[in-house]
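Q: Attaching a predicted model along with its sequence, questions to come.
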Amino acid sequence: MLALVEKGVLTLEEAQAALEDAAAAHQGAEMRADDPHFHHLVVQIVERLIVQLNAADAAEPRTLRGS
């Protein structure tokens with residue numbers, strides 16, 4: 001996801017929205033899934049990706065914003 005933002009394929013906001021949608025889909029699945037642990041792990045991974053995306057944006061605003 002970070003590479004897509006860096007290359008200008010997605011905006012930072014689009015990438016964050018996609019990751020938030022993915023996390024929300026798995027959060028809802030935790031209660032009704034055969035393997036709720038799997039969905040919990042997916043949510044944790046996606047949340048870490050969001051944190052990394054935000055950290056990269058703060059560290060390198062020119063790269064991610066295309067300036």
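A: Perfect, thanks for sending it. Residues are numbered from 1 along each chain as shown.
Q: now the strands: where do they sit in this protein?
A: In the chain, no strands are defined using DSSP state E.
Q: Report the central residue of it.
A: Against the mean C-alpha coordinate of the chain, by C-alpha atoms, centre = their mean, the closest residue is Leu19 at 3.3 Å.
Q: surely that residue meets Val51?
A: No: counting by C-beta atoms under 8 Å, Leu19 sits too far from Val51 to count as a contact (10.0 Å). (Each C-beta comes from the backbone N, C-alpha and C, glycine too.)
Q: Start and end of stretch 6-15, how far apart?
A: Terminal residues of stretch 6-15 lie 11 Å apart, using C-alpha to C-alpha, to the nearest Å.
Q: Ala58 versus the residue lying farthest from the centre of the chain, what's the distance?
A: Residue farthest from the centre of the chain, counting by C-alpha atoms, centre = their mean, is Asp34 at 24.1 Å. Distance of Asp34 to Ala58, given as C-beta to C-beta, to the nearest Å: 39 Å.
Q: Between Leu19 and Val51, which contacts overlap?
A: Among the neighbours of Leu19, none is also in contact with Val51 (C-beta atoms under 8 Å, 6 or more residues apart in numbering).
Q: any low-confidence regions in this protein?
A: 30-31, 33, 59-67 (pLDDT under 70).
Q: Phi, psi for Val9 please.
A: With angles defined as degrees, to the nearest 10, Val9 sits at phi -70, psi -40.
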